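Participant: The following block contains a protein sequence and its predicted model.
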Amino acid sequence: MARPIFQSGDSRFSTPALNQQARVDILKATADPFSVAPADILRNLYQTTPGSPLVSGYNNFLIDLTTLLQAQLGQTVRLRFAEADNLAPFNLGVDNVSIEVTDGSTIPEPASFLMAAAALAGLGILRRRG
């Protein structure tokens, strides 16, 4: 069974195993915000593991969520930034998060493209005859 990153009333300072990690997930809107159960996580976008280097510098990520969001069309999803630690301060910096949604108007649909190509071909034929 998946164990939550955080549990109410559990400081985890007495546990022998180190638990310092960070993660970014897309969750179902109905999920407990602290859950790491696979049924609640639609997609994990980033995750460190216990024992990862404590300093990793700045990283840039560009993640395409088109397929995921199309599958959840009309539903609310939750973007979660989480960190857990039981040893010492653990810092997670998040900056310049951007979610861009396109309506499809920038990419012509195949039917529109075929109609435009047929119109241009027709104009080319008329021009040759005239």
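Facilitator: In hand now; what should we look at? Numbering: from 1, shown residues only.
Participant: show me where the chain has helices.
Facilitator: Taking DSSP state H to define them, one finds helices in the chain at 66-71, 110-129.
Participant: where among those is the average confidence lowest?
Facilitator: Least confident of the helices of the chain, judged by mean pLDDT, is helix 110-129 with a mean of 65.
Participant: buried set for stretch 84-98?
Facilitator: Neighbour counts over stretch 84-98 (16 or more other C-beta atoms under 10 Å) mark 84-86 as buried. Just so you know, the C-beta spots here come from the backbone N, C-alpha and C atoms, and that holds for glycine as well.
Participant: Okay, and which of those residues map to strands?
Facilitator: Secondary structure assignment by DSSP state E places Ala84 of the buried residues of stretch 84-98 in strands.
Participant: I'd like the buried residues of stretch 84-98 laid out as a markdown table, including distance to Pro33.
Facilitator: A markdown table is the format used below for the buried residues of stretch 84-98 (distance: C-beta to C-beta, whole Å):
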| residue | distance to Pro33 |
| --- | --- |
| Ala84 | 13 |
| Asp85 | 17 |
| Asn86 | 19 |
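Participant: where are the low-confidence patches of this structure?
Facilitator: 1-18, 54-56, 102-130 (pLDDT under 70).
Participant: What count of nearby residues applies to Ile63?
Facilitator: Number of residues near Ile63 (other C-beta atoms under 10 Å) recorded here: 11.
Participant: contacting residues around it?
Facilitator: Contacts for Ile63 (C-beta atoms under 8 Å, 6 or more residues apart in numbering) come out as Leu45.
Participant: and if you look at Leu42?
Facilitator: Leu42 sits in contact with 25-28, 68, 72, 77, where contact means C-beta under 8 Å, 6+ apart.
Participant: List just the nearest of these to Thr48.
Facilitator: Distance to Thr48 across the contacts of Leu42 (C-beta to C-beta) is lowest for Asp25, with 12.8 Å.
Participant: Tell me if I'm right that the closest one and Asn44 touch.
Facilitator: Yes. Contact between Asp25 and Asn44 holds when scored by C-beta atoms under 8 Å: they sit 5.3 Å apart.
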